[in-house]
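Engineer: Next one to model:
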Amino acid sequence: AQIDNFSDKSYSDLLVNLIVEGKKVGTTKVNLTPNGSATARFLYRFSQPRTYTGRIELQNPEDIDHLVTDNSAPFAVPVREQLKVLLIDPHPNPDPAHSESFYLLTAMAPSTETESIAPTLRTEDSLVGVNLRDYSAVIYANPSHISDADAALLTEYVKTGGGLMLFPSTATSPSALNSSLTNAGLLPANLATRKVLSDTDSLSLNPTSITGTVLAPFKDTSLMDIGGARFTAYFPLELATDADLNSTLVLMKLSNGDPAFVERKVGQGRVILSAISGGTEGSQLPLRSSYVPLIYQLTSYLGAG
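Structural biologist: As a prediction, the model looks like this:
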């Protein structure tokens, strides 16, 4: 929770409480400079899946000011047993080595055991008959074209808190995807013509370029170097001109400075567009140990809406 100080006075060791279902379950301290802000962080494990209510509150508001309404902030948390993800691969390849969805599926659910992410693979190119509200996130692998009808469904889904991610690849038509999703107000960036590079000109991800919170754990390369994979194909991404600059963020860049992942907030949800494939088409990423935590991090982030 962000605590703001609108006075010219500083505060040290200000106590902030976490209240869940009417009970205090955590307390932390923050320091506030004059007219500054600080973040109060709490770690709390919910016991079972359901919707919980709570609030963040200052423990001793009488020591600060007498404006009661801003001394606490309510919240609601839907706790789920699993994140259900719809993975759409309109061009499935029976050979796992060349499948755009195989590595994504394996990363999210690597065994027959119950996982925290439950993916469902759909190989049809249409969303007819699909209730998107059943899923926390929707991921497209190698989309060629998204119809206007499907784009309208996705827009409503994202605006009400859903998460959408796009991994373009060989079958993707940049002009077709740009047209349908830009008209729907969903596209974080426009795709240019796919570039194919030689091994000597291959690119990598640049961990030092990471911005925002979703990929922040990958900045530290001492435990897991996300920059080790090489890419011989990618789509140059140009930030969408119809998007509010405050709602669009380049999450990470490639080693040549081009965007690798771009996020756009749409209503209560988010859309993330990747410049690289989700599989091994022009990418070594699925063969690296950082691939699984990357997919988990992105999927969990999208499913939190």
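Engineer: which secondary structure elements does the host helix or strand of residue 166 contact?
Structural biologist: Using DSSP states H and E, residue 166 falls within strand 163-167. Strand 163-167 is packed against strand 137-141, helix 148-159, strand 269-274, helix 291-302, with contacts defined by 3 or more C-beta pairs under 8 Å, 6 or more residues apart in numbering; DSSP states H and E. The way it works is simple: take the backbone N, C-alpha and C, and place the C-beta from them, glycine included.
Engineer: could you turn that strand into CSV, dropping everything but the C-alphas?
Structural biologist: The C-alpha coordinates for strand 163-167 follow below in CSV (Å, rounded to 0.1, in the frame of the first residue of the first chain):
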residue,chain,number,x,y,z
GLY,A,163,-5.5,-10.6,-18.9
LEU,A,164,-4.4,-11.1,-22.5
MET,A,165,-1.0,-12.0,-23.9
LEU,A,166,0.1,-12.4,-27.5
PHE,A,167,3.1,-14.3,-28.8
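Engineer: Toward the C-terminus, what is the element adjacent to that strand?
Structural biologist: helix 174-183.
Engineer: Quick check: mean pLDDT of that next one?
Structural biologist: Mean pLDDT, computed over helix 174-183, is 89.
Engineer: How far does that helix sit from its chain's centre?
Structural biologist: Distance of helix 174-183 from the chain centroid (C-alpha atoms, centre = their mean, to the nearest Å) equals 21 Å.
Engineer: and it, which residues are buried?
Structural biologist: Across helix 174-183, burial judged by 16 or more other C-beta atoms under 10 Å covers 174, 177-182.
Engineer: buried residues in the strand holding residue 166?
Structural biologist: 163-167.
Engineer: Turn those into a markdown table, including distance to residue 69.
Structural biologist: Listed next are those as a markdown table, based on distance: C-beta to C-beta, whole Å:
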| residue | distance to residue 69 |
| --- | --- |
| 163 | 32 |
| 164 | 36 |
| 165 | 38 |
| 166 | 41 |
| 167 | 45 |
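Engineer: can you tell me which of the residues you listed lies nearest to residue 43?
Structural biologist: residue 163 (22.9 Å; C-beta to C-beta).
Engineer: That's all I had, so thanks and see you.
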